[in-house]
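**Q** got a sequence here, can you model it:
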Amino acid sequence: MRKRDPRHVAGRRRQARARVKIIDVPESDSSPDGSVSTKQKAEVTLPRSELDRLWNPEYLERLARTYWRFLTRVSLGMLEVLYSEAGR
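**A** Here you go, the predicted structure:
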């Protein structure tokens with residue numbers, strides 16, 4: 001019996017449902033008060049069924065909180081996200 005090539009088996013399991021394409025190189029801008037803003041743009045393509053499953057307020061808020069927590073940790077606490085009614 002012929003052995004199966006593991007590259008082909010792994011390839012089928014890792015079939016991506018989403019595709020991400022970086023659109024622009026991140027742009028940074030600083031203000032006189034020392035604050036910095038960064039814009040990062042990407043195009044994400046995924047099947048409609050996945051989008052419907054993920055695109056709900058609870059999931060999006062969880063995703064945002066995880067991202068803000070990551071930024072706080074990676075900056076060693078120098079960045080802080082403030083929550084208000086108008087935004088973050």
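
**Q** please count neighbours and contacts with C-alpha atoms only from this point.
**A** OK.

**Q** what strands line up against the lengthiest strand in the chain, and which way round?
**A** The strand spanning the most residues in the chain, taking DSSP state E as the definition, is strand 19-30. Sheet pairing for strand 19-30, assigned by DSSP bridges, gives strand 36-45 (antiparallel).

**Q** need the longest helix for the protein.
**A** Longest helix in the chain by number of residues (criterion: DSSP state H): helix 57-74.

**Q** what comes up buried for it?
**A** 68-69, 71 (16 or more other CA atoms under 10 Å).

**Q** between those, which is nearest residue 83?
**A** Nearest to residue 83 among these, counting by CA to CA, is residue 68 at 10.5 Å.

**Q** so what's that closest one closest to, chain neighbours aside?
**A** residue 81 (6.5 Å; CA to CA, 6 or more residues apart in numbering).

**Q** how close does the residue nearest to the spatial centre of the chain sit to residue 31?
**A** Residue closest to the mean C-alpha point of the chain, counted by CA atoms, centre = their mean, is residue 67 at 7.5 Å. As judged by CA to CA, to the nearest Å, residue 67 and residue 31 stand 23 Å apart.
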